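S.K.: got a structure for you, letters missing:
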């Protein structure tokens, strides 16, 4: 097992971290720093150097999610803390998973194709595969799901939610301005990502479409700057704000035609070979397309801006 | 890219219990599983070989073999169990499970199975994990999903009542489901259709009703179930029609592109859907071929303009 000098240097720190993990995991009683420096491989140099190394190593292990317990060796003297990792907090305790659940987790982990989500899901899946429970796909469905990948600010927003930090970003709406928020959760609604957050200037809950965030998202201030109310849940109702801005169109639909369009509106009355309908819509561009989809079976009466838009698209298409 | 010590440490700690469950796995397979090069995997394994418990005699080191290209752990010391899931791992898995759940209706047995599983995941760590819900518009879900999945699995047919997207007509047809997928929040069922004698894609929320048809009662097809996408068009899509490109990416092949527009080809089973769609884009999409399609779009636009003049 020979190692080249350069790999020996590169290995030094991970080796020390692994050795420290093993030593703290193997001990039942707390180990003092002096014991750690004397017995764990990799702690070298002056005592100050070793102290600094150990502090950084503890932080690194904690950032990996490994919980290091700190305790006192002697209940009467609190000046000498000791350290250990308890096996129960270190190890994955998901032994009650059944084979269908393992299959569901494999399907779920494969859902993300890039981004940090994919990396996290795959590393989680490897741990689950190490439990030795076989996967049974027969009851896990055959649906091949595809979802929009989260936007580029996803990781930063997630971190701010986890750490309870304030977020600042510029947002494009009726006017573009700086928003200062306490982020509560992210959600995927109808194929688009939204941030649900407490808007500090407005003093209330708001939903922000991630695609409308401009430039960058910045974390501000300290950790745990707020707590999410215990009764908070993301729900359809949070999107009511958006649907409240619906416009109403009055259209003629040829009898027996455009079934899906009819289902989205209200019947107003007869008009010769047509029926009159009132249909709500949010995006003028998209609604004009669904009107034009039906060709000469549907005609817009009002509003005038929708009618004008439809007519101008028609004359473009008629002369194209 | 230079890896951090943390990344390497985390991978090493996860490698040991993984190999215990997969003894004799090849170095190449192991490298692929962990998303690293074979050289990196060999370097990881030789590093792990140097680690162990205080004392660091052969009895206290992690003992493993990999020299013949196949990896086995002889003595893992205290690393026999996989590490607990991290907060970000739980968030990612939970989000993915939520996404799977969002496509299913309340009475789907898989939905409750997913919810139970999410509960188990949450319990693995003490910290509160921010919940990232996925919410789906309920009218895009279909109570027929379990029935369709069963048909795909068992290879049986379905008799469906369908509101066609291309003609907006109600039809009764018998289909042989092949696969189900989701895209942009919609569920799609790909199946051989005995009515049109071709492979078609059906949106699940447009299937009004469905009943299972045993294989023995399926109609005889004169054609064999091969791909029947025989309508081909070439389109020039300008910047204003970016939405069309984004929505239909999977159907399009890019032929060329410049600053203002892209030229694509599209393959479909017939021209009706495309004709109707193009009506909504005006001059933003130009039909380069076939000439019939361009003429049909013009004809329908003129007829519709005529309607507006009369009303």
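M.R.: Structure received. None of these values were measured; they are calculated from a predicted model.

S.K.: what residues does the helix or strand containing residue B:72 touch?
M.R.: Remark: residue B:72 resides in strand B:70-75, with elements defined by DSSP states H and E. For strand B:70-75, contacts defined as C-beta atoms under 8 Å, 6 or more residues apart in numbering or on different chains pick out B:16, B:19-20, B:23-27, B:30, B:45, B:61-66. To be clear about C-beta, it is placed using only N, CA and C from the backbone, and glycine gets the same treatment.

S.K.: same question for stretch A:159-175.
M.R.: Under the contact criterion C-beta under 8 Å, 6+ apart, stretch A:159-175 has outside partners A:153, A:156-157, A:176-186, A:197, A:200, A:208, A:212-227, B:87-88, B:91, B:130.

S.K.: whichever of these end up buried, select them in PyMOL.
M.R.: Buried residues within those, by 16 or more other C-beta atoms under 10 Å in any protein chain shown, are selected in PyMOL with:
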select buried, (chain A and resi 153+156+157+179+180+181+182+183+184+185+186+197+208+213+217+219) or (chain B and resi 87+88+91+130)
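
S.K.: which of the contacts of stretch A:159-175 fall in strands?
M.R.: Of the contacts of stretch A:159-175, the ones assigned to strands by DSSP state E are A:177-186, A:197, A:208, A:213-220.

S.K.: hey, where'd the strands end up in the stretch 51-200 of chain A?
M.R.: Under the criterion DSSP state E, counting those that start in this stretch, the stretch 51-200 of chain A carries strands at the ranges A:69-74, A:77-84, A:143-144, A:166-171, A:177-189, A:192-199.

S.K.: which among those strands is found nearest to residue B:164?
M.R.: Taking C-beta to C-beta, strand A:143-144 is the member of the strands of the stretch 51-200 of chain A nearest to residue B:164, at 22.6 Å.

S.K.: what about residue 233, neighbour count?
M.R.: All of this refers to chain A. The number of residues packed near residue A:233 is 13, by other C-beta atoms under 10 Å in any protein chain shown.

S.K.: other chain: chain B
M.R.: 20.

S.K.: anything in the strand or helix carrying residue B:209 near chain A?
M.R.: Per DSSP H and E: residue B:209 is located in strand B:207-213. No - shown here: strand B:207-213 not in contact with chain A (C-beta under 8 Å from any C-beta of the partner chain), separated by at least 10.0 Å.

S.K.: related to what we said a few turns ago, list only buried entries from the contacts of strand B:70-75.
M.R.: B:16, B:19-20, B:25-27, B:30, B:45, B:61-64, B:66.

S.K.: secondary structure and distance to residue A:107 for those residues - can I get that in TSV?
M.R.: As requested, the buried ones among the contacts of strand B:70-75 are arranged in TSV below (DSSP: H, G, I helix; E, B strand; the rest coil; distance: C-beta to C-beta, whole Å):
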residue	secondary structure	distance to residue A:107
B:16	helix	26
B:19	helix	24
B:20	helix	25
B:25	strand	22
B:26	strand	25
B:27	helix	28
B:30	helix	23
B:45	helix	30
B:61	strand	39
B:62	coil	33
B:63	strand	36
B:64	strand	31
B:66	coil	31
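
S.K.: out of these, which touch chain A?
M.R.: When C-beta under 8 Å from any C-beta is applied, the members of those adjacent to chain A are residue B:20.

S.K.: and the buried ones among the contacts of strand B:70-75, which two are furthest apart?
M.R.: The largest separation in the buried ones among the contacts of strand B:70-75, counting by C-beta to C-beta, is between B:26 and B:61 at 23.2 Å.

S.K.: so which bits of the stretch 201-311 of chain B are right by chain A?
M.R.: The stretch 201-311 of chain B comes close to chain A at residues B:206, B:243, B:276-283, B:286-287, B:294, B:297-298, B:300-308, B:311, as judged by C-beta under 8 Å from any C-beta.

S.K.: just those: which are in strands?
M.R.: Those of those lying in strands (DSSP E): B:286, B:287.

S.K.: write the ChimeraX selection for whichever of the residues of the stretch 201-311 of chain B next to chain A are buried.
M.R.: Buried subset of those, written as a ChimeraX selection, criterion 16+ other C-beta under 10 Å:
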select /B:206,243,276,277,278,279,280,281,282,286,287,294,297,300,301,302,304,305,307
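
S.K.: so which of the residues of the stretch 201-311 of chain B next to chain A sit within helices?
M.R.: Among those, the subset assigned to helices under DSSP state H consists of B:243, B:276-278, B:294, B:297-298, B:300-308.

S.K.: ok, residue A:101 to chain B distance?
M.R.: From residue A:101 across to chain B, the span is 5 Å (C-beta to the nearest C-beta, to the nearest Å).

S.K.: would you confirm that that residue contacts residue B:117?
M.R.: Yes - Residue A:101 lies in contact with residue B:117 (C-beta atoms under 8 Å); the separation is 4.8 Å.

S.K.: burial count for residue A:259?
M.R.: If you count neighbours by other C-beta under 10 Å, residue A:259 ends up with 14.

S.K.: just residue B:246 next, same as before
M.R.: Around residue B:246 there are 9 other residues, counting by other C-beta under 10 Å.

S.K.: which residues are contacting whichever strand or helix holds it?
M.R.: According to DSSP H and E, residue B:246 maps onto helix B:242-247. Here helix B:242-247 makes contact (C-beta under 8 Å, 6+ apart) with A:285, A:286, B:184, B:237, B:252, B:262, B:264, B:277, B:281, B:284, B:285.

S.K.: list the contacts for the last one?
M.R.: Counting by C-beta under 8 Å, 6+ apart, residue B:285 makes contact with B:235, B:236, B:237, B:238, B:241, B:244, B:278.

S.K.: how close does the closest residue to the fifth one other than its chain neighbours get to residue B:267?
M.R.: When the adjacent residues along the chain are set aside, residue B:241 lies closest to residue B:284, with 3.8 Å between them (C-beta to C-beta, 6 or more residues apart in numbering or on different chains). Per C-beta to C-beta, to the nearest Å, residue B:284 is found 21 Å from residue B:267.
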